[in-house]
Structures are given as C-alpha cells and as structure tokens.
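Trainee: How does the following fold in three dimensions:
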Amino acid sequence: MDNNKIQLFENKRVRAEWDAEKGEWFFCVADVCNALSESEAKDPNAYWRKLKQRLKEEGNQTVTNCHGLKFLADDGKMREFDVLDTKGILRLVQSIPSPKAEPFKIWLAQVGADRLDEIADPEKAILRGADFYRQKGYPEAWINQRLQTIEMRKELTDEWQKRGVTEKDYAILTNDMTKAWSGLSVQEYKKLKGLKKQNLRDNMTNIELVLNMLAEVTTTAISKTERPETMAHNTKIAIRGGKVANVAKNEYEKATGQKAISALNAKNKKMLEIKTALPKKK
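Mentor: Numbering: from 1, shown residues only. As a prediction, this is how the structure comes out:
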C-alpha cells in the first residue's frame, strides 16, 4: 500500500490510500460521508455508523465490500477506518441525500485522472511506483526488481480473470503457489518475517522476489497454454508453477550455500538487496 494521502473536497479532508498491486485508490468512508453530509458531529464516524446500520438492514452490498485500513486519526494515533475503492464510493454516494453528490463524483474522477494517465502511458505508473519505494528508502536494484514483480503479478491476475477465477479466489491460488515454491503458506511466510497486515512482497529480498516472480510467470504461461475452466484445474497449475520456482530455489541454495527464504523484512530495507557471493572452494 502507498502512504496515507489527504485529498481535499471543498476544504473537507478525505483520507485515501493507493494500492499499487490493485492499481486502486481506497477512500476513508467516514470522511466521504462527512464531506457530503456536512456533518458537524464531534464523533467523525457518527454519520457513517448510522448509515452503515441502515444499509445493513436493507441488505446493501456496499457494506459487505468494506474493509479496514489504518489512517492517522485526530488524536495523532493510527486507527482503523472502513474504506472502499472508487466503485464502492460511487455506489455509497447514491445512498447519501446531498446536493454535493454530483460535484463529488466529478472530484472523484479528477482524483483518478492520474491513474487514467498511467493506463494511457504505463511509463508514468512505473515512475510513480519507483518514486514511492525510493521515498521509503529501498535500494535502487531492489526497486527495479519489485516493479517487475508488480507487472508480472498483473499479468497473472489478468489471466486468472480470463479463466473465470473470482478476485476472492486469487488469495487461495496465490497461497497454493507460494507454498509450492517456498514450502510456506502466505501466513507462515509473513509470520517468519514478523509481518501482520504488511504486503509480503514489500518485505521480500531480491532473491525471494525473483523466485516468486518465476512462480507467477510460469503459472501464467501454463494457464495460457491449457486454458483451465475449473478452480481445481487452476489450483493444479498454480502448484505446478510454484514447483518450477522451487527447483530454482533448491539449485540457488546448492550453488551459493545460502538459504533463499529469509526472515529479513523492510525494517532494514538496505538488507533486502542481497549481494550473493559464491562460497570459496576448499
């Protein structure tokens, strides 16, 4: 995830966060509600809490699509707030009676204009991603590797989408593929690195990124060849793709005498760029 951003709509703050993997903005729902309703309640979540309850009673899917992200709160602490992507926010706006609804839609489109520019000119997206990681202190070689993994991940999820895999099943296939190459489930891998909600790839060494990318590229290639029609077939392909990377992992470890899987994480970003030296011959 990108760092927290404060977007302004008519001088009202709307906290947002950019997800580089999904290529989406996620907006703080309470802020959107307050900007449109002109709520002056001391509790910034009051309007959204009441609206959320009504939407739940109506069986509105917007509430189901919410998930939590941490933003800097008024008390100076990082607290979790409900967020929605652009489509979810547009659906939510329909439920808020406000003369500002239409101007807000225009504002939302403007916020997304940078993303549309990136779609037309992918180089802008690459530069944006590089700047983001550079500001966080990652080494240049690692950044180049990470940007390639984002591109390969997008090709894989596009392929899964073509094969009828739903977005909620991406995590299942990713887990199977990760375990096949690393020997660890995604949760086990994150536990090894001391992570909770952080992005696993942002905490991988350059070696781990390469192996994970090999698993994804292979899975994509096999899927394009075999054109799976069932989840079971997609699962088998994901595991096969992971096993190809597992062979590469084993060969790497044999050649270098070093373990490919590391407990290193982004707390020490410079260490993520592993410069491998072959062991000296006796």
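
Trainee: all contacts plus neighbour counts: C-alpha atoms, from now on.
Mentor: Will do.

Trainee: now residue 165, what's its secondary structure?
Mentor: Of the three states, residue 165 takes coil under DSSP: H, G, I helix; E, B strand; the rest coil.

Trainee: count of residues packed around the closest residue to it other than its chain neighbours?
Mentor: Distances taken as Cα to Cα, 6 or more residues apart in numbering put residue 231 closest to residue 165, at 7.0 Å, once the chain neighbours are dropped. Per other Cα atoms under 10 Å, the neighbour tally for residue 231 reads 17.

Trainee: What segments of the stretch 151-282 of the chain are helices?
Mentor: Taking DSSP state H, counting those that start in this stretch as the criterion, the stretch 151-282 of the chain carries its helices at 167-182, 186-192, 206-226, 231-256.

Trainee: ok, residue 273 to residue 146 distance?
Mentor: 11 Å (Cα to Cα, to the nearest Å).

Trainee: between those two, who's got more neighbours?
Mentor: Neighbour count, other Cα under 10 Å: between residue 273 and residue 146, residue 146 has more, with 23 against 18.

Trainee: The more buried one falls within a strand, correct?
Mentor: No: using three-state DSSP, the secondary structure at residue 146 is helix, not a strand.

Trainee: that older thread, what about the helices of the stretch 151-282 of the chain, which gets the closest to residue 9?
Mentor: Nearest of those to residue 9, taken as Cα to Cα: helix 167-182 at 30.7 Å.

Trainee: quick one on the thing from earlier: now do the residue nearest to residue 165, the pLDDT please.
Mentor: If you check residue 231, the pLDDT there is 96.

Trainee: Equivalent analysis for residue 135, please.
Mentor: We note a pLDDT of 81 for residue 135 in this prediction.

Trainee: for residue 96, same thing?
Mentor: On pLDDT, residue 96 comes in at 79.

Trainee: For it, give me its contacts.
Mentor: Contact analysis of residue 96 by Cα atoms under 8 Å, 6 or more residues apart in numbering lists 33, 36, 37.

Trainee: So the second one versus residue 192, what's the distance?
Mentor: Counting by Cα to Cα, the separation of residue 36 from residue 192 is 44 Å.

Trainee: Check the last one too.
Mentor: If you measure residue 37 against residue 192 using Cα to Cα, the figure is 45 Å.

Trainee: Next: residue 92.
Mentor: Per Cα to Cα, residue 92 is found 39 Å from residue 192.

Trainee: neighbour count winner among the two?
Mentor: The residue with more neighbours, out of residue 92 and residue 192, is residue 92; 21 against 15, by other Cα under 10 Å.

Trainee: Check for me that that one belongs to a strand.
Mentor: No: secondary structure of residue 92 (three-state DSSP): helix, not part of a strand.

Trainee: What residues does the residue nearest to it when sequence neighbours are not counted make contact with?
Mentor: With sequence-adjacent residues excluded and distances taken as Cα to Cα, 6+ apart, residue 92 is closest to residue 62, at 6.7 Å. Residue 62 sits next to 55, 88, 91, 92 when contact means Cα under 8 Å, 6+ apart.

Trainee: Can you name the helix or strand that residue 62 falls in?
Mentor: Here residue 62, judged by DSSP states H and E, is contained in helix 61-64.
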